[in-house]
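**Q** Here is my input; please provide its structure:
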Amino acid sequence: MTDRKPLVVGTRSSRLALWQAEAVAARLGAAGFETELRTFVTSGDIRLDKPLPELGDKGLFTAELDAALLDGSIDLAVHSLKDLPTVLPDGLALSAVPERASPWDALVATDPAVRVPSDLPQGAVVGTSSLRRAAQLRRWRPDLQVVSVRGNVETRIRKAFENGWGGTVLAEAGLRRLGLEAHITARFDADVMLPGIAQGALGVVTAVAEAERLAAALGALDDPAVHREVLAERALLRRLEGGCQVPVGGLAERLPDGRLRLHGIVASLDGTEAFRDLLEGEDPEALGLALAELLLEAGADRILAAIRGDGA
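**A** All right, here's what the predicted structure looks like:
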């Protein structure tokens with residue numbers, strides 16, 4: 001143990017990203033591995049002037065860490081798995097997925113009289129940075145005025161209060177990880193809002209060439225059951241060619257017999273049209289691809305083509 005160099009863990013520099021990296025480092029420490037953190041500012045952290053869909057999402061929050069992995073300046077990169085592109089650069093792999101926190105979305109309401117999302121008044125303004133959340137909010141409550149908001153978790157909450165909005169929608173996991181659970185008004189039900197792909201999960205990325213050297217450390221981090229869930233969700237998103245630019249939601253759940261049940265939705269931006277279904281299966285990748293095909297055949301292909309501007 002004493003001859004081993006500390007593992008260098010790369011992370012974005014936001015407070016939430018640091019919490020996530022420190023949690024991974026603590027788990028590695030408990031398994032006998034020394035670590036040191038190295039922080040990065042990504043292009044997604046700098047470009048706060050535009051909504052995420054206008055910036056594109058290919059490596060927006062990961063490119064700088066990817067480069068560091070490939071040049072060997074860090075050993076592992078820790079990401080919110082929902083921010084990780086479904087196709088990684090050559091030479092990199094999603095090598096470990098630790099235990100998952102809540103995958104659900106939560107409402108932070110500015111009026112204490114609002115106790116559940118349905119209490120939001122007619123025409124209330126609700127902020128979100130996610131097309132997926134916006135589309136499902138509009139599908140559920142067409143009267144709501146959904147506005148785009150960027151920034152870290154604290155910034156989005158502050159903007160909701162300063163602007164007098166009805167509230168904002170954020171990942172429950174992020175709020176709890178930052179100790180901001182007191183701001184949570186309520187969790188959205190699954191029938192109202194399916195979460196983002198791999199929401200609540202962390203992803204540990206490494207260079208493929210370092211897999212053997214890091215095998216013991218990655219084994220200490222990985223939760224095989226959660227890894228299977230997110231593989232199914234990410235396969236669904238990959239086949240739909242989705243990301244921040246398209247409103248796709250999905251969630252896999254483990255069944256008592258060990259198989260997975262995968263839920264998925266593709267919604268139009270205005271929420272007037274949505275295709276939602278579920279499938280069960282054993283193989284995560286095959287399940288995700290099969291559900292994607294089912295949604296595409298039902299009509300989701302029209303929604304996706306219209307959003308991308310490559311068809312009617």
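
**Q** Tell me the secondary structure at D66.
**A** helix (DSSP: H, G, I helix; E, B strand; the rest coil).

**Q** what's the nearest residue to it if we skip its chain neighbours?
**A** In this structure, D66 finds its nearest non-sequential neighbour in P89, 5.2 Å apart by C-beta to C-beta, 6 or more residues apart in numbering. Just so you know, the C-beta spots here come from the backbone N, C-alpha and C atoms, and that holds for glycine as well.

**Q** ok, now A101?
**A** That would be A173: by C-beta to C-beta, 6+ apart, it lies 3.8 Å from A101.

**Q** Now do that neighbour against R141, distance only.
**A** 24 Å (C-beta to C-beta, to the nearest Å).

**Q** more crowded one of the two?
**A** Relative neighbour count places A173 above the other of A173 and R141, with 24 against 18, counting by other C-beta atoms under 10 Å.

**Q** quick one on the thing from earlier: pretty sure the residue nearest to D66 sits in a helix.
**A** No: P89 is assigned coil when assessed by three-state DSSP, not a helix.

**Q** Near it, how many other residues are there?
**A** 14.

**Q** That one contacts A68, correct?
**A** No: taking C-beta atoms under 8 Å as the definition, P89 is not a contact partner of A68, at 11.9 Å.

**Q** Could you list the single helix or strand in the protein with the lowest mean pLDDT?
**A** When the helices and strands of the chain are scored by mean pLDDT, DSSP states H and E, helix 52-55 comes last with a mean of 49.

**Q** hang on, the earlier thing: state the pLDDT value of the residue nearest to D66.
**A** Listed pLDDT for P89 reads 96.

**Q** Residues in contact with the helix or strand that contains A216: which ones?
**A** Using DSSP states H and E, A216 falls within helix 211-221. Residues from elsewhere that reach helix 211-221 (C-beta atoms under 8 Å, 6 or more residues apart in numbering): 7, 24, 27-28, 30-31, 33, 75-76, 93, 95-96, 98, 204, 206.

**Q** Return that helix as PDB; C-alpha atoms alone will do.
**A** The C-alpha coordinates for helix 211-221 follow below in PDB (Å, rounded to 0.1, in the frame of the first residue of the first chain):
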ATOM      1  CA  ALA A 211      -8.200  -0.700 -16.700                       C
ATOM      2  CA  GLU A 212      -5.900  -3.400 -15.300                       C
ATOM      3  CA  ARG A 213      -4.000  -1.000 -13.000                       C
ATOM      4  CA  LEU A 214      -7.200   0.500 -11.600                       C
ATOM      5  CA  ALA A 215      -9.200  -2.700 -11.400                       C
ATOM      6  CA  ALA A 216      -9.100  -3.000  -7.600                       C
ATOM      7  CA  ALA A 217     -10.000   0.700  -7.100                       C
ATOM      8  CA  LEU A 218     -12.900   0.500  -9.500                       C
ATOM      9  CA  GLY A 219     -14.200  -2.700  -7.900                       C
ATOM     10  CA  ALA A 220     -14.400  -0.800  -4.600                       C
ATOM     11  CA  LEU A 221     -16.500   1.900  -6.300                       C
END
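
**Q** If anything else comes up later, I'll come back, but that's it for now.
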